[in-house]
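>>> Provide a 3D model corresponding to the input given below.
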Amino acid sequence: MQTVKMVVTGPFNAGKTEFIQTVSEIDVVSTERSISSEAEKVKEQTTVAMDFGRITVDDDLTLYMFGTPGQKRFDFMWEILSEGMLGFIVMVDSTRPETFREARTILETFRAYAPTPYVVAANKQDLPDAWEVEDMRIALRLSPDVELLPCVSIDKESVKNNLLALLTAVLQELDTG
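Purely as a prediction, here's the structure:
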């Protein structure tokens with residue numbers, strides 16, 4: 001049995017917890033707490049340590065998904081959660097261009113922790129004010145070889161497509177490495 005540790009990261013309120021909850025076959029272990037900051041009243045809860053979910057792909061493969069906190073004040077958890085990861089997904093809220101720079105910084109931080117495969121998920125593509133994926137590529141300064149995929153974190157098929165893209169890249173690296 002092979003296990004693959006994947007990290008789901010991104011800015012605050014990008015959809016990381018929902019992404020994991022949508023596909024996890026176990027109840028997600030979550031460290032969400034109520035928000036007390038007025039500036040962040042976008043939602044009422046935030047992840048303070050991590051989210052954890054699991055998917056059994058087949059008899060030989062299980063994915064462990066670790067969601068990071070998105071707020072800068074919890075970034076000390078990022079390096080801890082990145083240990084042993086074989087790949088990561090950067091979730092970006094397609095409707096909040098003011099978070100794109102932060103998403104790019106998070107991407108670069110995780111690449112510095114470990115040179116593993118990654119994909120970028122352009123989340124909330126179902127909303128009317130979502131940026132087009134290719135416009136996001138330009139804004140995020142992603143090269144054409146970086147996989148930037150449309151995502152709706154509450155849609156199981158959408159989440160599976162993003163996970164499969166990352167898993168394919170991870171397995172290719174394991175085969176060649």
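>>> C-alpha only now, for contacts and for neighbours.
Noted.
>>> List the contacts of the nearest residue to Phe100 once chain neighbours are set aside.
For Phe100, ignoring the flanking residues on the chain, the nearest one in space by Cα to Cα, 6 or more residues apart in numbering is Leu140 at 6.1 Å. Neighbouring residues of Leu140 by Cα atoms under 8 Å, 6 or more residues apart in numbering: 100-101, 103-104.
>>> How about Thr99?
Thr99 sits next to 11, 92-93 when contact means Cα under 8 Å, 6+ apart.
>>> which one of the contacts of Leu140 sits closest to Glu18?
Using Cα to Cα, the shortest approach to Glu18 within the contacts of Leu140 belongs to Ala103, at 17.5 Å.
>>> could you say what helices and strands the helix or strand hosting that closest one packs with?
Using DSSP states H and E, Ala103 falls within helix 100-113. Using 3 or more Cα pairs under 8 Å, 6 or more residues apart in numbering; DSSP states H and E as the contact test, the elements touching helix 100-113 are helix 76-82, strand 87-93.
>>> now the last one: how far from the chain's centre is it?
This means strand 87-93. Using Cα atoms, centre = their mean, to the nearest Å, the distance from the centre of strand 87-93 to the centre of the chain it belongs to is 3 Å.
>>> now do the first one
Centroid separation for helix 76-82 versus its chain: 14 Å, with Cα atoms, centre = their mean.
>>> which other helices and strands contact it?
If contacts are counted by 3+ Cα pairs under 8 Å, 6+ apart, helix 76-82 sits against helix 100-113.
>>> quick one: the helix or strand just after the helix it packs on to strand 87-93, angle?
The helix or strand immediately downstream of helix 100-113 is strand 118-123, counting by DSSP H and E. With axes from the mean of the first three to the mean of the last three Cα atoms, to 10 degrees as the criterion, the two stretches strand 118-123 and strand 87-93 enclose an angle of 20 degrees.
>>> Sheet partners, orientation included, of strand 118-123?
Applying DSSP bridges to the sheet, strand 118-123 is found paired with strand 87-93 (parallel), strand 148-150 (parallel).
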